[in-house]
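Colleague: Need a 3D model of the sequence below.
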Amino acid sequence: GTTDNYNTKATERLHIDYTKDAYRATNKKEILQQMTRWLERHKSMAAFDLVLQWRHGEIPKPRLKVRSYITQPLSPGVYLAKNPSVHAMLFHILGNWFGAAHFKDALGEFIVNQLQPTSQHQQATCNLNANVLRDLEAVDVWYCIKFVVPNLQVD
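Modeller: Here you go, the predicted structure:
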């Protein structure tokens, strides 16, 4: 059956066009490979036919969808969403769910190294590390991060 307000005519027609015609074009040996090759070739020919029609002025030039909210390309860097995927995830949950058992310690060391990159005193670093995250029990978590790299292609 179908869902309300829909029918199977369109998909049935695609089945006839693509599957049955592709099967008929095979020699009935290694059917899947031959049918796949036949479909790829027909898609390529259809795309090339559209290009030829456009070049002859028979169809208008395709319009590219432009996102209006992007005014310029992003500069290289790391980008996060405005809102995290999970707010205030507890450190012990990070350890259980993601295997990040020592995340709080690593975060503390990272922050200390950013604040005092040339610190030579191991004891001072350990004390500062303990004080930096003393009252922190949870962090926000982003599941997706966008990395934008510079264009490496040479014109």
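Colleague: C-alpha only now, for contacts and for neighbours.
Modeller: Noted.
Colleague: for this protein, what are the low-confidence residue spans?
Modeller: For the chain, the stretches with pLDDT under 70 are 1-2, 60-71, 117-130, 153-155.
Colleague: run the last query once more with 90
Modeller: Within the chain, the ranges that satisfy pLDDT under 90 run 1-26, 28, 30-32, 39, 42-43, 46-47, 49-82, 85-86, 91-137, 142-155.
Colleague: show me where it has strands.
Modeller: With DSSP state E as the criterion, the chain has strands at 77-79, 86-90, 138-141, 146-148.
Colleague: just those: most buried one?
Modeller: Among these, strand 138-141 has the highest mean neighbour count (mean count of other Cα atoms under 10 Å), at a mean of 14.
Colleague: CA atoms only: put it into PDB for me.
Modeller: Taking C-alpha atoms only, strand 138-141 is exported to PDB below (Å, rounded to 0.1, in the frame of the first residue of the first chain):
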ATOM      1  CA  ALA A 138      30.700  19.700  33.200                       C
ATOM      2  CA  VAL A 139      31.500  21.000  29.700                       C
ATOM      3  CA  ASP A 140      29.400  21.700  26.600                       C
ATOM      4  CA  VAL A 141      30.000  19.200  23.800                       C
END
